[in-house]
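*Asks:* I'd like to go over a predicted model; first the sequence, then the structure.
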Amino acid sequence: MTTTNLAVLVPLLPFLGAVAGLLLGRTAPGFVRPLAVLPPLAALAAAALVAVRQGGGPAVEAHTELTPTGSVPVELALDIDGFAALVAVLVAFVATCVQIYSTGYLRDDPRYPSYAALVSLFTSAMLLVVYSGDLIVLLVGWEVMGICSYFLVGHYWETPEARAASLKAFLVTKLGDVPFLIGLFALGTDAGSFRITRVLGTVASGGLDHPTVIALLLLAGVAGKSAQFPLHTWLPDAMAGPTPVSALIHAATMVAAGVYFVARLLPVFEASSAAMTVLAVMAAVTMTGSGLAALAQDDIKRVLAYSTIGQLGYMTGALAVGDRGAAVFHLLSHGAFKALLFLAAGVIIHAAGTNSLAAMSRMHGLRDRVPDAYWTMTVALLALAAIPPFSGFFSKESVLGAAEHVTDGRTAHVPGAAGWIVLVAGLAAALLTAAYATRLWLLAFRGRGTEAPDHGRQPLTMTVVLRVLAIPSLAFGGLAYRSLPGWFDGRDLTPTLLTSILGTGLALVGGLLTYGAWQRTSALAARAPIGAVAAHPEGDAGLVEAEAIATHEPAYGDIAYAPDPADPGRLLLGRLHRHAAAGFHLDAVYTALFVRPVQAGASLVRFLDREVVDTYVNGAAALPRLLGAAVRRAQTGNVQTYVSALLAGTVVLAVAVVLVATGA
């Protein structure tokens, strides 16, 4: 089989599995799990074989005209370079792990057949984005992922949180997709083709008429899909969906699509210095803001969600300094350890016997009850914090090293200011990342909340997947940084000495500060129970909140849980904690700027429709109705009445004739 034919099978197999799963989910439930696992597993084997054949050499290309348009043609095209080959392997690998894991996690879910089919369709759409050589076909996969995320995030549609989260995810990403679509059309018009190779050829020859406008329009879609500031607010709320879905979205699909798109079309963005600066600022705000927000979250999945936002900020930061090799390297590394983090969190939630219990302040005794999740999540958190020799260290340092190379201002197409912005924000994010990773580990595995009942051992499919994902989380970075340059642009990905010392040093500082704050809050909580102001690092305000939690504790299932008062995040953030926990009130800002004006406009339209338009319509109908009523009263059916009226009319006519004759 040729490489082209094999590549076609990669997105096609999960698609066929999704169709078969939807058709046979009710009539043949025994086939649901094989149809969920085998197609992505086969796609993984095919993607790996395509990557081996491509081998980092010339891109595999094939195209045929999909439909005549009369102007810019739309083509069914493949364009598989080293980036596409490796990202496809990541997508198929994580999707396979998620499907295997889900067979245990959702084994009693009545809607598992539709869930598994949608996960396969989600995977197929992302693989289409990765392999597509035509922007319009890429857009199809881009939008299919959006609708799949809507259904999967809203899987538990019985809960208002899931319904609201799915709708929010759909609307916010669509908000970015509108300018993204306009930018694609403008790009295709300037290039005379939607083929990626021809677009890049046009850019190289200086044929783009409006590079800044096009780049900024495309960035809006990227910000929505990859959850970058200011369109990142949908991702933390999307944690209302099943945990395996979160792993898939955060590690290999959806949010990775925006980063991958910019990496494929990076010369388009490099054609505009303004666009590169905007990208750098967007990455910097995303990295630092998400790190502060993660340090204040209590829900373990929301911590991981803000973590994803920050790590995506590293990737966009690498793109902002013109190094797509570093960006995709971190994308690959992050995909492994972030999938492990979410799936390990799923084991923790599963051990508590409910999908909604994810509050770290209520966790206790989990280290001994879920040892697989404990050890594998420890590995993943060390990779997240970029501690050597774990994989996150090498990929994150490649980003910081790329930013350092740009700070002298001598790199073509990249402003020196962009390098400084990314470097400073990346170092600050390194400290924050280690801080919230340490806090998560302490609260989840050494917390002092009320212990939930032991629901027994987890399904083998779940624990095996954790062990498999732990391998690349530990070893991928150290093995890959030497070999990946041959697959990418040939740029060296070896960590530089200066950024390695600074980044690792700040990470250690962040971890030690958090551990020290945890010890202090633990000691204060042990000496002074709730009721004494000194027991709480935020004073009176913190005491009021703590007492409210203690006296109005929400119940999960039929069990109430007492919170762990030893939260180092409150001590580290101080008065900023309340704002960081609310995501710096960005949702409230959007509500004031957009939601309320739209609601006010809708109320005005409703008033005009009911009180003005309906009044005229009702008035136009009132006169005929009154005339009809008058005529209806005259038609009584009484013969005597009719004869009397005839006689009266005759008399009136006679009098009128006499009067006329007399007057004449």
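*Replies:* Thanks, I have the structure now.

*Asks:* what residues are up against the residue nearest the centre of the chain?
*Replies:* Nearest residue to the geometric centre of the chain (Cα atoms, centre = their mean): residue 235, 4.4 Å. Applying Cβ atoms under 8 Å, 6 or more residues apart in numbering, we find residue 235 in contact with 169, 227, 250, 255, 305, 308-309. Every C-beta, even on glycine, is put in place using the N, C-alpha and C of the backbone.

*Asks:* Return the member of the residues you listed nearest to residue 630.
*Replies:* Residue 630 lies nearest to residue 169 out of the contacts of residue 235, by Cβ to Cβ, at 60.0 Å.

*Asks:* Narrow the contacts of residue 235 to those in strands?
*Replies:* Among the contacts of residue 235, no member falls in strands (DSSP state E).

*Asks:* among these, which are in helices?
*Replies:* In this view, the contacts of residue 235 that belong to helices under DSSP state H are 169, 250, 255, 305, 308-309.

*Asks:* Please, a PyMOL command that selects the buried ones among those?
*Replies:* Buried residues among the ones in helices among the contacts of residue 235 (16 or more other Cβ atoms under 10 Å), as a PyMOL selection:
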select buried, resi 169+250+255+305+308+309
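
*Asks:* export the ones in helices among the contacts of residue 235 to a markdown table and tack on distance to residue 105 and pLDDT?
*Replies:* Shown next, in a markdown table, are the ones in helices among the contacts of residue 235 (distance: Cβ to Cβ, whole Å; pLDDT from 0 to 100):
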| residue | distance to residue 105 | pLDDT |
| --- | --- | --- |
| 169 | 21 | 94 |
| 250 | 16 | 94 |
| 255 | 21 | 93 |
| 305 | 18 | 95 |
| 308 | 19 | 96 |
| 309 | 24 | 96 |
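
*Asks:* Export the ones in helices among the contacts of residue 235 as JSON lines, with columns for distance to residue 90.
*Replies:* Shown next, in JSON lines, are the ones in helices among the contacts of residue 235 (distance: Cβ to Cβ, whole Å):
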{"residue": "169", "distance to residue 90": "22"}
{"residue": "250", "distance to residue 90": "12"}
{"residue": "255", "distance to residue 90": "13"}
{"residue": "305", "distance to residue 90": "20"}
{"residue": "308", "distance to residue 90": "15"}
{"residue": "309", "distance to residue 90": "19"}
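
*Asks:* Relative to residue 473, which of the ones in helices among the contacts of residue 235 is nearest.
*Replies:* residue 250 (14.1 Å).

*Asks:* Check the spacing between the nearest residue to the closest one once chain neighbours are set aside and residue 129 real quick.
*Replies:* Distance criterion Cβ to Cβ, 6 or more residues apart in numbering; nearest residue to residue 250, sequence neighbours excluded, is residue 308 at 4.4 Å. Applying Cβ to Cβ, to the nearest Å, the value for residue 308 to residue 129 is 18 Å.

*Asks:* just checking, the residue nearest to residue 250 touches residue 256?
*Replies:* No - with contacts counted by Cβ atoms under 8 Å, residue 308 stays clear of residue 256, the gap being 9.8 Å.

*Asks:* helix or strand for residue 661, which one?
*Replies:* Under the criterion DSSP states H and E, the helix or strand holding residue 661 is helix 639-663.

*Asks:* Residue 66 too?
*Replies:* Per DSSP H and E: strand 60-67 holds residue 66.

*Asks:* Beyond that strand, next helix or strand please.
*Replies:* strand 74-80.

*Asks:* who touches that next one?
*Replies:* Counting by Cβ under 8 Å, 6+ apart, 4, 7-8, 50, 54, 59-67, 88, 131-134, 136-137, 194-197 sit against strand 74-80.

*Asks:* again, only using 6 Å
*Replies:* 7, 54, 59-67, 131, 133-134, 136, 195-196 (Cβ atoms under 6 Å, 6 or more residues apart in numbering).

*Asks:* residue contacts, the spatially closest residue to residue 406 that is not a sequence neighbour?
*Replies:* Among residues not flanking residue 406 along the chain, residue 419 sits closest, at 3.0 Å (Cβ to Cβ, 6+ apart). By Cβ under 6 Å, 6+ apart, the residues touching residue 419 are 321, 403, 406-407.

*Asks:* Quick one: residues contacting residue 341.
*Replies:* Neighbours of residue 341 in contact, by Cβ under 6 Å, 6+ apart: 304, 380.

*Asks:* For this protein, give me the ranges with low pLDDT.
*Replies:* For the chain, the stretches flagged by pLDDT under 70 are 352-358, 365, 410, 448-456, 528-565, 664.

*Asks:* all helices for the stretch 251-400 of the chain, in order.
*Replies:* Per DSSP state H, counting those that start in this stretch, the stretch 251-400 of the chain carries helices over the ranges 255-264, 266-270, 273-294, 300-320, 324-351, 366-369, 371-384, 391-406.

*Asks:* Relative to residue 100, which of these is closest?
*Replies:* Comparing the helices of the stretch 251-400 of the chain under Cβ to Cβ, the one sitting nearest is helix 324-351, at 10.1 Å.

*Asks:* Report the separation between residue 476 and residue 516.
*Replies:* On the measure of Cβ to Cβ, residue 476 and residue 516 end up 31 Å apart.

*Asks:* Neighbour count for the two, which is higher?
*Replies:* It is residue 476, of residue 476 and residue 516, that has more neighbours when counted by other Cβ atoms under 10 Å, with 22 against 13.

*Asks:* How about the secondary structure of the more buried one?
*Replies:* helix (DSSP: H, G, I helix; E, B strand; the rest coil).

*Asks:* Tell me which residues touch it, please.
*Replies:* So residue 476 contacts 333, 336, 391 (Cβ under 6 Å, 6+ apart).

*Asks:* Just give me the closest of these to residue 379.
*Replies:* residue 391 (9.5 Å).

*Asks:* and the residue nearest to residue 406, what element?
*Replies:* With DSSP H and E as the criterion, residue 419 is inside helix 416-445.

*Asks:* What of residue 128?
*Replies:* helix 112-131.

*Asks:* how about the helices in the stretch 551-664 of the chain?
*Replies:* 568-573, 576-581, 586-590, 596-607, 614-634, 639-663.

*Asks:* and those helices as JSON lines, adding distance to residue 469?
*Replies:* Shown next, in JSON lines, are the helices of the stretch 551-664 of the chain (distance: least, Cβ to Cβ, whole Å):
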{"stretch": "helix 568-573", "distance to residue 469": "27"}
{"stretch": "helix 576-581", "distance to residue 469": "29"}
{"stretch": "helix 586-590", "distance to residue 469": "32"}
{"stretch": "helix 596-607", "distance to residue 469": "43"}
{"stretch": "helix 614-634", "distance to residue 469": "61"}
{"stretch": "helix 639-663", "distance to residue 469": "94"}
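
*Asks:* Please identify the most buried of these.
*Replies:* Comparing those by mean neighbour count (mean count of other Cβ atoms under 10 Å), helix 568-573 ranks first with a mean of 24.
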